[in-house]
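Student: Whatever this is, show me its structure:
(one chain, ligands or ions: 1)
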Amino acid sequence: MRKTIIAGNWKMNKTNAEAVEMLTELKGLVAGIENVGIVIGAPFTALSDAVRAVEGSNIEIAAENVYPKESGAYTGEVSPLMLKSIGVKYVILGHSERREYFHESDEFINEKVKAVLAAGMLPILCIGEKLEDRESGRTAEVTETQIRGGLKGLTAEEAAKVVVAYEPVWAIGTGKTATPEMAQETHRQVRDVLVSMFGEAVAEEMTIQYGGSMKPENAVELLAQKDIDGGLIGGASLKAASFAEIVKAGK
Ligand code: PGA
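Tutor: Numbers count the residues shown, from 1 in each chain. Next comes the predicted model:
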């Protein structure tokens with residue numbers, strides 16, 4: 001059975017104290033939920049305290065980026081080993097904000113996916129079309145290029161560990177959500193690409209999250225779609241109550 005994973009993406013938000021406060025509240029709200037993976041992506045500075053704050057609970061911590069080298073002269077960067085050593089479980093990669101503002105290419109993201117897997121963590125690979133792609137009917141083509149590029153060279157066994165997050169760029173932080181039918185259609189296309197790359201058995205087991213203005217009000221309907229296996233949540237993950245409601249919608 002495919003696993004439902006609800007992941008928060010705090011982006012560049014929260015000091016350590018704010019992170020610990022939110023996670024402490026969240027732990028109480030989601031205690032006992034076992035059939036949904038619960039993940040919070042926090043900024044680098046808060047990761048150590050975040051891991052400690054969720055110890056012994058059903059919440060796991062994700063980093064929001066990594067540099068794909070083991071160590072060395074890369075001033076300002078953070079390696080997979082550094083994240084692994086403090087107890088980080090997932091790494092969000094290829095988010096549209098990183099593609100847009102930091103010019104990350106599919107090749108570079110692919111290096112990161114491999115480095116995260118090699119270090120024993122799990123990548124959350126973000127893909128998604130821009131508004132102009134959707135309007136010109138290029139959604140399937142763009143997402144296929146990102147999937148093939150991001151997962152290039154992986155074995156089926158490695159691919160099985162990857163979570164894919166489909167996030168239409170025009171829906172991120174805009175309050176505009178893809179309709180459940182629209183999202184389902186793209187999720188199915190993405191899964192078909194995964195089938196052609198890694199085979200049916202692996203592709204059917206891979207978690208494909210939806211992201212882009214997911215909130216308590218629309219989560220149930222989105223998560224009811226056959227190929228939507230969770231969510232990557234920005235704005236609505238900043239408060240424990242709204243994030244916990246989305247987790248409950250995933251149950
Ligand atoms: P949003 O962000 O939920 O605020 O739209 C989602 C994301 O960027 O992962």
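Student: Going by neighbour count, which residues of stretch 44-57 are buried?
Tutor: In terms of neighbour count (16 or more other C-beta atoms under 10 Å), stretch 44-57 has its buried residues at Ala46, Leu47, Ser48, Asp49, Ala50, Val51, Ala53, Val54. (Each C-beta comes from the backbone N, C-alpha and C, glycine too.)
Student: Quick check: the gap between the fourth one and Tyr101.
Tutor: Going from Asp49 to Tyr101 by C-beta to C-beta, to the nearest Å gives 26 Å.
Student: Does Leu222 lie in a helix or a strand, and which?
Tutor: Per DSSP states H and E, Leu222 falls inside helix 216-223.
Student: Could you list every helix and strand in contact with that helix?
Tutor: Judged by 3 or more C-beta pairs under 8 Å, 6 or more residues apart in numbering; DSSP states H and E, the packing partners of helix 216-223 are helix 180-198, strand 230-233, helix 240-249.
Student: cutoff 7 Å now
Tutor: Using 3 or more C-beta pairs under 7 Å, 6 or more residues apart in numbering; DSSP states H and E, the elements in contact with helix 216-223 are helix 180-198, helix 240-249.
Student: can you tell which of these is closest to Glu221?
Tutor: Shortest distance between Glu221 and the helices and strands packed on helix 216-223, using C-beta to C-beta, is found for helix 180-198: 4.9 Å.
Student: In JSON lines: the buried residues of stretch 44-57, plus pLDDT and distance to the ligand.
Tutor: As requested, the buried residues of stretch 44-57 are exported to JSON lines (pLDDT from 0 to 100; distance: C-beta to the nearest ligand atom, whole Å):
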{"residue": "Ala46", "pLDDT": "98", "distance to the ligand": "17"}
{"residue": "Leu47", "pLDDT": "98", "distance to the ligand": "18"}
{"residue": "Ser48", "pLDDT": "98", "distance to the ligand": "23"}
{"residue": "Asp49", "pLDDT": "98", "distance to the ligand": "22"}
{"residue": "Ala50", "pLDDT": "98", "distance to the ligand": "17"}
{"residue": "Val51", "pLDDT": "98", "distance to the ligand": "21"}
{"residue": "Ala53", "pLDDT": "98", "distance to the ligand": "21"}
{"residue": "Val54", "pLDDT": "98", "distance to the ligand": "20"}
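Student: That concludes my questions; thank you for your assistance.
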